[in-house]
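1. Structure of the sequence below:
(one chain, ligands or ions: 2)
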Amino acid sequence: MKIAAPILILTLVAVVAFFAFSERYADFRAGLSEADPQSAERLQPVIERFRPLGAPLGEPGPMDWRATHNDPKQTFKQYLRSRPVRPRGRRDTIYVQPLGEFTEQERKIVELTTAFLSAYFNCEVKVRNDLDASIIPPHKRRFRAEMGREQVLTTYVLRDVLKPRLPEDGAAIIALTAMDLWPGKGWNFVFGQASLKERVGVWSLSRFGDPEESEEAFRRCLLRTLKVASHETGHMFSLPHCVLYECNMNGSNNLRETDRHPLALCAECNAKVCWATRANPLKRCRSLELFCRTHGLEEEADRYERRIAALDADRQPKSDAGR
Ligand SMILES: [Zn+2]
Ligand SMILES: [Zn+2]
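-> Ligands and ions are numbered 1, 2, ... in the order given. Predicted structure coming up:
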């Protein structure tokens, strides 16, 4: 026993060390495959194929985002060097958190947006139980008489409502609400806001028109919601604003600008999302084309169709410009 005890202890230490090492080794290997230049290299030809499709950004209007913000340009290679946040390991699910009340059609838009996000980011998207609007205290709201509406402070939603509720397997948690939002001093309103490092975001349907009005109004509200939701989730996976081409990651100051931007990503941003979410570019485009076609978003479906054609080596890509 005098000899066996130290051996037993040593064996236990060795077993514990082995498991600890195995875990570390698995992390190390995962890290290696993430940094694997092959996966980034695999996307280079896709960038080249998509590049001719990209419509260059024109001069911004006086009220446009780029007239008042000087976002730096970021290529796919620069994104890879920026240590981006992305779905990895256990954090592989996007959570949607409904906040406040919704009409029947708004609720339908929430459901469709959930399905769309799943295809856009190649991961499972789960809807959490509703949170009552009363979770926002009165001093984190304001009433804008000139707009005739109440607004909710986004920073409170992000830090105090969402951050403590990010599940252990949450790659991101996004609140969606029909209440109007503002991000703080100096701002009239905001469509949505996200934290690039905290995995939290919020967006509002309140300025996207009444989806109960008509089928066209429903489609318009749906498209706007899809654009803002995927744009904000893109921020959560560390994609900054895009200043390279017409792209869903372009910054937006107003609804006209949002309507002008495409739902699809440009060549560089598409590579960022495909790399971050380990998505197959062709499969991703196919499922997004099908989604858009099924829900009457023809112009956006056509964009994805052109991307699918661009990945087909025998076909000549056509540009999005002028369409
Ligand atoms: Zn943005
Ligand atoms: Zn882009």
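2. helix/strand/coil for the spatially most central residue of the chain?
-> Centrality entry for the chain: nearest residue to the mean C-alpha point is Thr233, 2.0 Å, by Cα atoms, centre = their mean. When classified by DSSP: H, G, I helix; E, B strand; the rest coil, Thr233 comes out as helix.
3. so what's it up against?
-> 94, 117, 120-121, 172, 174, 194, 201 (Cβ atoms under 8 Å, 6 or more residues apart in numbering). No exception for glycine: its C-beta is placed from N, CA and C like everyone else's.
4. So which of those residues sits lowest on pLDDT?
-> Among the contacts of Thr233, Ala194 carries the lowest pLDDT, at 86.
5. my read: that residue touches Met236, true?
-> Yes. If you go by Cβ atoms under 8 Å, Ala194 and Met236 touch, sitting 5.0 Å apart.
6. More neighbours: these two, which one.
-> Met236 (25 against 22; other Cβ atoms under 10 Å).
7. where does that one fall, phi/psi-wise?
-> Backbone torsions for Met236, taken as degrees, to the nearest 10, come to phi -70, psi -20.
8. What residue in the stretch 1-150 of the chain comes nearest to ligand 2?
-> Gly54 (8.0 Å; Cβ to the ion).
9. Run a quick check on that residue versus Pro262, I expect a contact.
-> No. In this structure Gly54 lies outside contact range of Pro262 using Cβ under 8 Å: 9.9 Å.
10. more crowded one of the two?
-> Using other Cβ under 10 Å as the criterion, Gly54 and Pro262 rank with Gly54 on top: 23 against 19.
11. Please tell me how far that one sits from Pro240.
-> Per Cβ to Cβ, to the nearest Å, Gly54 is found 17 Å from Pro240.
12. ditto for Asp210
-> In terms of Cβ to Cβ, Asp210 sits 33 Å off from Pro240.
13. So those two - more neighbours on which side?
-> Pro240 (20 against 14).
14. so that one sits in a helix?
-> No. Under three-state DSSP, Pro240 sits outside any helix and is assigned coil.
15. And Ser238, its phi and psi?
-> phi 70, psi 20.
16. contacting residues for the closest residue to it other than its chain neighbours?
-> Leaving aside its sequence neighbours, Ser238 sits nearest to Pro84 (Cβ to Cβ, 6 or more residues apart in numbering; 3.4 Å). Neighbouring residues of Pro84 by Cβ under 8 Å, 6+ apart: 237-239, 272, 276.
17. Next, format those as TSV and append distance to Leu131 and neighbour count.
-> Shown next, in TSV, are the contacts of Pro84 (distance: Cβ to Cβ, whole Å; neighbours: other Cβ atoms under 10 Å):
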residue	distance to Leu131	neighbour count
Phe237	24	23
Ser238	26	17
Leu239	27	26
Lys272	31	28
Ala276	28	23
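18. could these go into a markdown table alongside distance to Thr155 and pLDDT?
-> A markdown table is the format used below for the contacts of Pro84 (distance: Cβ to Cβ, whole Å; pLDDT from 0 to 100):
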| residue | distance to Thr155 | pLDDT |
| --- | --- | --- |
| Phe237 | 20 | 89 |
| Ser238 | 19 | 90 |
| Leu239 | 21 | 94 |
| Lys272 | 26 | 96 |
| Ala276 | 25 | 92 |
